[in-house]
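> I would like to see how this sequence folds:
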Amino acid sequence: MPLDQNPLFRKVIVPWYDAGKACFTVILFMLGILLFGIVGIVEALEKIEYNEHIWVPVLLVAMSAWVIASISIRLIKRYTH
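This is a model prediction of the structure:
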């Protein structure tokens, strides 16, 4: 039996949403949301009437930081292998 000239184990095709440019675009967008949340925290701390709503910008900061961290870890793993 001859060797197969067309093997199945080729380079992995990365989906468009997991491509390098898409990941960097999401990171940049999330950095904007992170800064927006930080500004919201500063404003909520300055005005007493907004203190009860501080959870909204804190949630924005936490979620955007989580997305940035997870995508950064994914990119680091991809480029180190």
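
> which residues in this structure form helices?
Listed in chain order, the helices of the chain (DSSP state H) span 20-46, 55-80.

> now those helices in CSV, with mean pLDDT, mean neighbour count and distance to Val14?
All C-beta atoms are positioned from the backbone trio N, CA, C, and that covers glycine. Formatted as CSV, the helices of the chain follow (pLDDT from 0 to 100; neighbours: other CB atoms under 10 Å; distance: least, CB to CB, whole Å):
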stretch, mean pLDDT, mean neighbour count, distance to Val14
helix 20-46, 95, 14, 8
helix 55-80, 95, 13, 8
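
> any chance of those helices in CSV, plus distance to Ile13?
As requested, those are exported to CSV (distance: least, CB to CB, whole Å):
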stretch, distance to Ile13
helix 20-46, 14
helix 55-80, 14
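
> Now do the same contact list for the closest residue to Ile54 other than its chain neighbours.
Leaving aside its sequence neighbours, Ile54 sits nearest to Ala44 (CB to CB, 6 or more residues apart in numbering; 4.2 Å). Shown in contact with Ala44 (CB atoms under 8 Å, 6 or more residues apart in numbering): Tyr50, Asn51, His53, Ile54, Pro57.
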